[in-house]
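Asks: Build me a model:
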Amino acid sequence: MAVSACRPLRIRVVPRVLRAAPLIVAALLAAVCGVERNPSSQGIEIGFFGALTGPEATFALSGKNGAKLAADEINRSGGVLGRQIDLVVEDDRNEPAEAASAVSKLITRDHVVALIGENASSRSLAAAPIAQTYQVPMISPSSTNVEVTRKGDYIFRVCFIDSAQGKALALFARNHLHASAAAILVDARSDYSVGLARSFRESFTALGGRALSETMYSEGDNDFSAQLTSVRAGKPDVLFIPGYYTDAGLIARQARELGIEATLLGCDGWDSPKLAEIGGQAMEGAYLSNHYSFDDPAPAVQKFVAAYRSAYKTEPDSIAALSYDALRLAADAMARAGSTEGKRVRDALAATKGFEGVTGTITMDADRNPDKLPVILRVQDGRFRFAADFREK
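Replies: This is a model prediction of the structure:
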């Protein structure tokens, strides 16, 4: 098939959408089985949705950049099936209802044939039923909650799941940090935080450790003194905070102010340069699980890091790398399917074996999850440094 002339990548960021009331969403779902694609479109429309505004906007901004970088590279190489990729971007403003509405609009208005998003599990869980009903493949870059892909057979991810992340963190705490007692501080309103806390607790106790306490907070809280006073009484070896960098930085500062000396342990939700800005010196020596390390010497990783630095003048975080992998995987599936039709792309994604991504090799299991494990990073001089690798374990 002839290759279309190369043209610049089109990114269209759509302004704030109306909040989707449950009745409106239900009506849409009832009416939209089998949406007609736009046959006159010369490009291949792929949707990206994320919280481009709100308290964790750095994640979606990095993800958009990673997806754009992948699309740019693919387009310069001739595109997919002789067509260029158009990335259409929606801001869901950190709210599950708007994530569902964003996906509906990307499909019905923009006629996207695949979706990249969301980063947060809560918003992926809200959006996935819409994609499933329309039969448009959705690939989450970083939603690790196990329930995400259970929403339907059109829902995929390129990251490890919480059971793998929790197990790796527990192994690291027991075998590398020699921790015998752990306290856990959980965001009670976050599916991601609750699921990861459960996975860590089960693995840590199975390895002979003691889970001293599991204390709750809510995203956006500013004062954690009551929870941390309770934690201090137990004198834990590690304090596990399965949440996002915005809260983790504040918790770390307040923990140190209260004299808590436990090693701080975190997760991929900590992966932002803002973590050290918020937490300052309190974050030094903390550990977190992540999807890759930008100082990994692997040629594929260093090629991606160099391209991202050149394009955006900053280091690529894990969300950037995962979104880069997610878009490349979508394009690869379309090429293998020889089509952009939803079911054929879905089948090709489900059959993925040995896809070499920046964040590891992707082979989809029966639940549309890749069999991947994390690396462990250490906060040193305000930056994330490689500490341990579970990917080959």
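
Asks: And the strands in the stretch 251-393 of the chain?
Replies: 263-266, 287-290, 355-357, 360-362, 375-380, 383-389 (DSSP state E, counting those that start in this stretch).

Asks: Any buried residues in the last one, and which?
Replies: So that's strand 383-389. 384, 386-388 (16 or more other CB atoms under 10 Å). In this view, the C-beta of every residue, glycine as well, is placed from N, C-alpha and C.

Asks: Ok, the first one next?
Replies: By neighbour count with 16+ other CB under 10 Å, strand 263-266 contains the buried residues 263-266.

Asks: Start and end of stretch 269-287, how far apart?
Replies: 12 Å (CA to CA, to the nearest Å).

Asks: what sits against the closest residue to Q165 other than its chain neighbours?
Replies: Leaving aside its sequence neighbours, Q165 sits nearest to S289 (CB to CB, 6 or more residues apart in numbering; 5.2 Å). For S289, the contact set (CB atoms under 8 Å, 6 or more residues apart in numbering) comprises 165, 168-169, 172, 266-268, 374-377.

Asks: Try it again at 6 Å.
Replies: S289 sits next to 165, 168-169, 267, 374, 376 when contact means CB atoms under 6 Å, 6 or more residues apart in numbering.

Asks: any idea how far it lies from P242?
Replies: Plainly put, S289 is 10 Å away from P242 if you go by CB to CB, to the nearest Å.

Asks: quick one: common contacting residues for these two?
Replies: In contact with both S289 and P242: C267, using CB under 6 Å, 6+ apart.

Asks: coming back round to it: include distance to L196, pLDDT and neighbour count when you put the contacts of S289 into JSON lines, please.
Replies: Output for these, formatted as JSON lines (distance: CB to CB, whole Å; pLDDT from 0 to 100; neighbours: other CB atoms under 10 Å):
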{"residue": "Q165", "distance to L196": "6", "pLDDT": "92", "neighbour count": "27"}
{"residue": "A168", "distance to L196": "11", "pLDDT": "94", "neighbour count": "25"}
{"residue": "L169", "distance to L196": "8", "pLDDT": "96", "neighbour count": "28"}
{"residue": "C267", "distance to L196": "6", "pLDDT": "96", "neighbour count": "28"}
{"residue": "P374", "distance to L196": "11", "pLDDT": "90", "neighbour count": "29"}
{"residue": "I376", "distance to L196": "15", "pLDDT": "94", "neighbour count": "21"}
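
Asks: Can you flag which of these belong to helices?
Replies: Among the contacts of S289, the residues falling in helices (DSSP state H) are 165, 168-169.

Asks: Poorly predicted segments of the protein, please.
Replies: 1-41, 391-393 (pLDDT under 70).

Asks: and it, what are its domains?
Replies: 11-159+298-362, 162-290+375-389 (automatic domain parsing).

Asks: And the last one, how far out from the chain middle?
Replies: What that stands for is domain 162-290+375-389. Between the centre of domain 162-290+375-389 and the centre of its chain there are 18 Å (CA atoms, centre = their mean, to the nearest Å).
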